[in-house]
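**Student:** My questions concern the predicted model and sequence given below.
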Number of protein chains: 2
Amino acid sequence: MGDTKKISLEVIKRLPRYYRYLGELGKSNITRISSKELSEKMDVTASQIRQDLNCFGGFGQQGYGYNVESLYNSIGEILGLNHGHKTIIVGAGNLGKALALYKSFEKRGFKLIGIFDNSKSKIGTFIGRHEVLDICTVEEFIKKNEPEIAVIAVPKEAVGEITALLSKCKIKGILNFSYTDISTLNGVEVENVHISDSLMMLSYKIKDIE
Amino acid sequence: MGDTKKISLEVIKRLPRYYRYLGELGKSNITRISSKELSEKMDVTASQIRQDLNCFGGFGQQGYGYNVESLYNSIGEILGLNHGHKTIIVGAGNLGKALALYKSFEKRGFKLIGIFDNSKSKIGTFIGRHEVLDICTVEEFIKKNEPEIAVIAVPKEAVGEITALLSKCKIKGILNFSYTDISTLNGVEVENVHISDSLMMLSYKIKDIE
């Protein structure tokens, strides 16, 4: 495998999609696929796919295609999906609950180990097999259980407080679903997700349809 | 205003973020902002911002900055957010429910007019003020109420059936949250959203953190 450190973030951004798609192929017992076939199914040019996948080296063979399983495993390794990241969710509202029950997370190697809220009516209730814990206990919980990732799904008024709280803890990454962007804070990586951005893009695309 | 048809999709993709941010500035009664200030707050280069916003023309003035309200309104217009898109949700599971109650959707001009499911235990129950309707009635509902957008939040096994059903109806766009990508179908625009892709990106970013 090539030196993954040199791969640009633009290429990395396309990897989850390749990964998902190769996973589906594997399940359908397809063991090899050409960049042309991948290209047709994924609506990306074959040359883009070849360029992207060449970054990892050694998977394609002229006229022979890619080994689906090897490529799937290697992309998973590059993305760090084989590490079984321990994850907590902060916010047990509708979105937090949906995320806690979202099957793809566990499938991708993210292990939910705790869900927190500040609302008395939610603390002590269960979401799946997880009891909602008091946010006041999160520092202690993190110290003891060492989750790597915190998923934030709280109202925007609470984001500042939660971020301040988490920045005191040893967390590696934050996946932020709240309305307000969080900047990368001291040594903690952040991905801000705005579900309504996709809806705005769709709005643009349908603007000229009669 | 410039001819918006010439704006590339790469620029358009950045607009929702500008739009959200300008909305926040407006709420804080900030009426003007320079590209340098915007750049610092948004973690994008000032030259990128100037280039992007020059596509719409007439908002920036050397040494004077951008008029926050005009720019906000124009971006909203370009994205087609002033149209009050009527929207339905198909799938009243955890994610569908969270989306139905997601406040940013209504705020961005997407008006939920119906939510559908095929499960007897869900049909007739209420999510907020919306009664969950039988999916069997969706064709008739669309004919009568003319929603423009369908948000799909169903298990992957059901995607094929739902897509086939919706392709017979007069819908302009689909926002697809189900695991399986939907290709753009006859005249219907599609945005596929994969929540777990962000988690995979975060996994990559934290890989080398000790």
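**Tutor:** On my side now, so go ahead. Numbers count the residues shown, from 1 in each chain, chains lettered A, B, ... in the order given.
**Student:** Would you mind listing where chain A has pLDDT under the threshold?
**Tutor:** A:1-6, A:56-63 (pLDDT under 70).
**Student:** Using the record's assignment, carve it into domains.
**Tutor:** Using automatic domain parsing, the domain parsing of chain A gives A:4-80, A:84-197.
**Student:** Do the shortest one and chain B come into contact?
**Tutor:** Yes. Contact check for domain A:4-80 against chain B, using CB under 8 Å from any CB of the partner chain: residues in range are A:I12, A:K13, A:L15, A:P16, A:R17, A:Y19, A:R20, A:E24, A:D43, A:I78, A:L79, A:G80. Quick note: C-beta positions are derived from backbone N, CA and C, even for glycine.
**Student:** So which of these are in helices?
**Tutor:** Judged by DSSP state H, those include A:I12, A:K13, A:L15, A:P16, A:R17, A:Y19, A:R20, A:E24, A:I78, A:L79 as members of helices.
**Student:** tally of neighbours for the fifth one?
**Tutor:** I take that to be A:R17. Using other CB atoms under 10 Å in any protein chain shown, A:R17 has 17 neighbouring residues.
**Student:** Does it touch A:M42 like I think?
**Tutor:** Yes. Judged on CB atoms under 8 Å, A:R17 makes contact with A:M42 at a distance of 6.9 Å.
**Student:** re the thing from before, show me which of the ones in helices among the residues of domain A:4-80 next to chain B are buried.
**Tutor:** Taking 16 or more other CB atoms under 10 Å in any protein chain shown as the criterion, what is buried in those is A:I12, A:L15, A:P16, A:R17, A:Y19, A:R20, A:E24, A:I78, A:L79.
**Student:** Would you point out the most distant pair within the residues of domain A:4-80 next to chain B?
**Tutor:** Spatially, the most separated pair among those is A:D43 and A:G80, at 26.4 Å (CB to CB).
**Student:** quick one, which of those two is more surrounded?
**Tutor:** A:G80 (18 against 9).
**Student:** Check the separation of the first and last residues in stretch A:162-182.
**Tutor:** 11 Å (CA to CA, to the nearest Å).
**Student:** Can you give the distance of the host helix or strand of A:A164 from its chain's centre?
**Tutor:** Assigning secondary structure by DSSP states H and E places A:A164 in helix A:156-167. Distance, stretch centre to chain centre, for helix A:156-167: 21 Å (CA atoms, centre = their mean, to the nearest Å).
**Student:** can you list contacts of that helix?
**Tutor:** Residues from elsewhere that reach helix A:156-167, judged by CB atoms under 8 Å, 6 or more residues apart in numbering or on different chains: A:90-91, A:118, A:135, A:138-139, A:150, A:152, A:154, A:174, A:176, A:178-180, A:182, A:185-186, A:188.
**Student:** could you flag which of these are buried?
**Tutor:** Applying 16+ other CB under 10 Å to the contacts of helix A:156-167 flags A:90-91, A:118, A:135, A:138, A:150, A:152, A:154, A:174, A:176, A:178-180, A:182, A:188 as buried.
**Student:** which helices and strands sit right next to the helix or strand containing A:S196?
**Tutor:** In this structure, A:S196 sits in helix A:195-205 according to DSSP H and E. In terms of contacts (3 or more CB pairs under 8 Å, 6 or more residues apart in numbering or on different chains; DSSP states H and E), helix A:195-205 is packed against helix B:9-27, helix B:103-107, strand B:149-152, strand B:173-176, strand B:189-192.
**Student:** Mind giving me the packing neighbours of the fourth one?
**Tutor:** With contacts defined as 3+ CB pairs under 8 Å, 6+ apart, strand B:173-176 has these neighbours: helix A:195-205, strand B:149-152, helix B:156-167, strand B:189-192.
**Student:** most packed of these?
**Tutor:** strand B:149-152 (a mean of 26; mean count of other CB atoms under 10 Å in any protein chain shown).
**Student:** pull the CA atoms of it into CSV?
**Tutor:** Output of strand B:149-152 as CSV, limited to C-alpha atoms (Å, rounded to 0.1, in the frame of the first residue of the first chain):
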residue,chain,number,x,y,z
ILE,B,149,-40.1,17.5,-2.7
ALA,B,150,-40.2,14.1,-1.2
VAL,B,151,-37.8,13.3,1.6
ILE,B,152,-37.2,9.5,1.8
